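*Asks:* below are the sequence and a predicted model for it; my questions follow.
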Amino acid sequence: METDELIGGRGTSDQEGGMASMVYAGKIIKDLGLEDEYTLLVTGTVQEEDCDGLCWQYIIEQSGIRPEFVVSTEPTDCQVYRGQRGRMEIRIDVQGVSCHGSAPERGDNAIFKMGPILGELQELSQRLGYDEFLGKGTLTVSEIFFTSPSRPCAVADSCAVSIDRRLTWGETWEGALDEIRALPAVQKANAVVSMYNYDRPSWTGLVYPTECYFPTWKVEEDHFTVKALVNAYEGLFGKAPVVDKWTFSTNGVSIMGRHGIPVIGFGPGKEPEAHAPNEKTWKSHLVTCAAMYAAIPLSWLATE
C-alpha cells in the first residue's frame, strides 16, 4: 500500500523505514560535505525479534567494535527516546501423575495444580515495581503447555507456562524469579521456576547462546548524548523535541543495558504500528529521520 503520505506493509515502521533513512543519511553526509573527525557505522543487525540485543552482544564481544554512541532507529514517532524497561522470559513447570480419566482421583492432574499458580501470578502482576520515567513492571502468561497420554481417558501429567516479564528500573532477574518462587501455590505444587536460554542458529548457521534476560536501561536526560539529539533537532526544525521512552524492547538492552554504551532512539513510524496487521509508516518521518541522522554526528562532536 502506498499513498502520498503513507507507505504500508510488513516492517515499514519496524524497521525498514529506519534502515532507509539511515542509508539516505549517509548520502546526505557525503553530498553536503558533513564528514569530520568521526567514524559512522550503519548497521543492519539480525535476530532482534527473536532475542533482543543478541546481535550487539556479538558485535561488541566478538567483533571488537565498541562505539562511543549509538542511535537506534526503532520507531519513536520522530521523538527522542532515552530508555526502556527490560524483560526476561520465565518458565514454570508443574509435574503431576497420570491415570485413567474415568478415575482421576488415582492421579494428580498437573493442569489443576497450575490453576492456582495462574491466579497468584495475576495478583502479583498488580503489585510489581514502578519507576517515574519507565513506568510499572508487568508480567503476562504468554504460553501454556501440557502432556497427557491421550486427549480422552487420561489425566495430564505435566503442565508448564511461559511468562513475559517486563522489568522496570530497580527490578532484577534474580528478584523476578524469587518473587514467583515465593508464591504459596508455586511452593505447594513444588513447581520449578526457571529462565529460558536462547540458542537458535542465525541465517548463517551461527549459534551464540545467551540467557533470555534483557536488562533495563535509561540514559539520564541531562547526558550529553541526549543533548546532542535535542540540539540537532532544534537546529533543524526550530523547536524542542519530545523526550520519552519505549514501551517495547530494543537492542538497547545489550548496547546500554549490558555494555553501558549510550544509546538514544530516534526513528520513523509509531510504536503501536510495530507488528500491527496493517503496519505503515509516514513518508514525512523518513525525511525527518534522514535529516536527523545526517546532523547527529556533528551535533554530538559539538556537544561532547
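*Replies:* All right, it came through fine. Since the model is a prediction, treat every value here as computed from it, not as a measurement.

*Asks:* let me know the pLDDT of the most centrally placed residue in the chain.
*Replies:* Among the residues of the chain, Ser249 comes closest to the average C-alpha position under Cα atoms, centre = their mean, at 1.8 Å. With respect to pLDDT, Ser249 scores 94.

*Asks:* correct me, but it touches Glu89?
*Replies:* No: counting by Cβ atoms under 8 Å, Ser249 stays clear of Glu89, with 11.1 Å between them. (Glycine included, C-beta is placed from N, CA and C.)

*Asks:* list the contacts for the closest residue to the residue nearest to the centre of the chain other than its chain neighbours?
*Replies:* Sequence neighbours aside, Asp52 is the residue nearest to Ser249 in space, at 4.7 Å (criterion: Cβ to Cβ, 6 or more residues apart in numbering). Asp52 makes contacts with Arg87, Phe214, Ser249, Thr250, Asn251, Val253, Ser254, as judged by Cβ atoms under 8 Å, 6 or more residues apart in numbering.

*Asks:* where does the residue nearest to the centre of the chain land in three-state SS?
*Replies:* Secondary structure for Ser249, judged by DSSP: H, G, I helix; E, B strand; the rest coil, is coil.

*Asks:* let me see the ranges of the helices in the stretch 1-150 of the chain.
*Replies:* 17-32, 54-62, 110-124 (DSSP state H, counting those that start in this stretch).

*Asks:* now these as JSON lines including distance to Ile296 and mean neighbour count?
*Replies:* Shown next, in JSON lines, are the helices of the stretch 1-150 of the chain (distance: least, Cβ to Cβ, whole Å; neighbours: other Cβ atoms under 10 Å):
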{"stretch": "helix 17-32", "distance to Ile296": "8", "mean neighbour count": "17"}
{"stretch": "helix 54-62", "distance to Ile296": "19", "mean neighbour count": "19"}
{"stretch": "helix 110-124", "distance to Ile296": "41", "mean neighbour count": "17"}
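
*Asks:* and of those, who's closest to Leu229?
*Replies:* Smallest distance to Leu229 across those (Cβ to Cβ): 13.5 Å, for helix 17-32.

*Asks:* and the closest one, how far from the chain's centre?
*Replies:* 25 Å (Cα atoms, centre = their mean, to the nearest Å).

*Asks:* also stretch 280-294?
*Replies:* 22 Å.

*Asks:* stretch 13-22 too?
*Replies:* Here stretch 13-22 shows a centroid-to-chain-centroid distance of 17 Å under the convention Cα atoms, centre = their mean.

*Asks:* now what about it, what contacts it?
*Replies:* Outside stretch 13-22, the residues touching it (Cβ under 8 Å, 6+ apart) are 7, 42, 44, 48, 73-75, 267-270, 273-276, 279-281, 285-286, 289-290, 293.
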